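>>> Take a look and give me a structure for this.
(one chain, ligands or ions: 2)
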Amino acid sequence: MERVFLAPAKINLCLHVLGRRSNGYHELLMLMQPVSLTDRVTLRLLDEPVFEVECPEVQLAEGEQNIALRAARAVFARVGCGGGVRVRVDKKIPVAAGLGGGSSDAATVLTGLNGMLGSPLSTESLMCEALKLGADVPFFVQGTSSWARGVGERLDPVDKMPAVWYVLVNPGFAVSTAWVYGNLGLTSPGDVAKLPEFSGLTDDLLRLLHNDLERVTVARYPEVDRIKRALLEQGALGALMSGSGPTVFGVFSEKDRATAAYERLRSVSGWSVFLVQPLRSPTVYV
Ligand SMILES: C[C@@](CO)(OP(=O)(O)O)[C@H](O)COP(=O)(O)OP(=O)(O)OC[C@H]1O[C@@H](n2ccc(N)nc2=O)[C@H](O)[C@@H]1O
Ligand SMILES: Nc1ncnc2c1ncn2[C@@H]1O[C@H](COP(=O)(O)OP(=O)(O)O)[C@@H](O)[C@H]1O
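Ligands and ions are numbered 1, 2, ... in the order given. Predicted structure coming up:
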């Protein structure tokens, strides 16, 4: 049996670091949203106990280091059934970009395989395996815009989100999430007591835009700040780095303006530019 799924990217509309745990992980408050830039994940069930992953056209580990393969093994181990799986990931989401591509691939493998095997695992079990794979993976299993707390695993879905357009700009180099958190130098806990109200309007979203990781990435990669300014010059209502970066998103309320900015910015050498919308539903089955 073979099935194809689309694994979406995410953006962090806000990211506040509230503290640091003894294991080095950080306590966060984030508003996260899946967007319509997707990897294509093909899953083929095998009779023999073989686990393989291929990622054509990108320089990405095809063995155990690939998080999609680890997700496949996790499902089979938890279900305790025989057989194996061949995973193919056709990447569209830039790698190590702050867009959660690997986490999304992994979540898609967890939920997709579970469905193909007749749904033996509960959502709770899937969430448990998701968190073992990475802090952002539970968000993608849950699949909709959410407030995320803890290390990212305590999720509260948000129903009402504005119908905006985003232009994503990626400068073409990778940024390590571990490096960014490692260089945060957290001295005092973040204060979110005065966080603006969010009732789902575009103005609320614009007031909310904030990322505590931005200064770390910008200090090392000033190009991220140049992208922010370029997006604002092109008419974005707001612009922010997503996650640990280096991708920056610009917010637009009108499609025409977003399209014009997209056309202009994609002529800049070395930048990958995407015009996307918020996604409403979880992992898409093709
Ligand atoms: C920054 C964020 C924002 O959504 O996304 P990305 O920029 O990676 O997309 C996440 O917090 C990234 O989550 P994820 O990429 O799943 O992290 P993991 O693989 O679990 O951990 C990678 C590294 O980040 C650090 N880390 C991660 C999450 C967290 N709450 N605190 C941390 O300090 C860990 O110490 C680890 O060294
Ligand atoms: N299927 C995958 N897709 C993307 N990256 C992967 C995958 N499997 C393993 N990785 C590794 O995970 C790291 C983080 O990648 P990614 O999830 O794209 O980052 P981010 O969350 O910052 O967008 C990279 O160093 C990459 O080599």
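
>>> ok, which residues in this structure are in contact with ligand 2?
60-61, 65-68, 89, 95-103, 105, 177, 243-244 (Cβ under 6 Å from any ligand atom). (C-beta placed from N, C-alpha, C; glycine too.)

>>> the strands in the stretch 1-150 of the chain, which residues?
2-20, 26-46, 51-54, 84-90, 146-149 (DSSP state E, counting those that start in this stretch).

>>> out of these, which comes closest to residue 161?
strand 26-46 (6.6 Å; Cβ to Cβ).

>>> how many degrees apart are the closest one and strand 2-20 in direction?
170 degrees (axes from the mean of the first three to the mean of the last three Cα atoms, to 10 degrees).

>>> so what's whatever residue of the stretch 101-250 of the chain ends up closest to ligand 2 up against?
Using Cβ to the nearest ligand atom, the closest approach of the stretch 101-250 of the chain to ligand 2 is made by residue 102 at 2.7 Å. Residue 102 sits next to 67-68, 95, 134 when contact means Cβ atoms under 8 Å, 6 or more residues apart in numbering.

>>> Out of those, which comes closest to residue 147?
Distances from residue 147 to the contacts of residue 102, taken by Cβ to Cβ, are shortest for residue 134, at 18.6 Å.

>>> Read off the pLDDT value for the closest residue to ligand 1 within the stretch 151-286 of the chain.
Closest residue of the stretch 151-286 of the chain to ligand 1, Cβ to the nearest ligand atom: residue 243 (2.5 Å). Residue 243 is assigned a pLDDT of 98 by the prediction.

>>> How about residue 191?
If you check residue 191, the pLDDT there is 71.

>>> ok, what's across the strand from residue 165?
Beta bridges link residue 165 to residue 252 when assigned by DSSP bridges.

>>> is it true that it touches residue 254?
Yes: contact criterion Cβ atoms under 8 Å: residue 165 and residue 254 qualify, at 7.4 Å.

>>> So for those two, which residue has more residues nearby?
Ranked by neighbour count (other Cβ atoms under 10 Å), residue 165 and residue 254 place residue 165 first, with 21 against 12.

>>> Tell me who's in contact with that one.
Contacts for residue 165 (Cβ under 8 Å, 6+ apart) come out as 251-255, 257-258, 275-277.

>>> Now list the buried members of the residues of the chain next to ligand 2.
60, 66-68, 89, 96-103, 105, 177, 243-244 (16 or more other Cβ atoms under 10 Å).

>>> mind listing the helices for this protein?
67-79, 101-116, 123-133, 137-142, 177-182, 202-208, 214-220, 223-233, 255-265 (DSSP state H).

>>> and of those helices, who's closest to residue 195?
Of all the helices of the chain, helix 202-208 comes closest under Cβ to Cβ, at 7.4 Å.

>>> Name the residues of that closest one that are buried.
202, 205-206, 208.

>>> Which of the residues you listed sits closest to residue 231?
Nearest member of those to residue 231, counting by Cβ to Cβ, is residue 206, at 13.1 Å.

>>> Now that closest one: closest residue in space that isn't a chain neighbour?
Among residues not flanking residue 206 along the chain, residue 238 sits closest, at 4.6 Å (Cβ to Cβ, 6 or more residues apart in numbering).

>>> and the end-to-end length of stretch 89-102?
Stretch 89-102 has an end-to-end distance of 10 Å (Cα to Cα, to the nearest Å).
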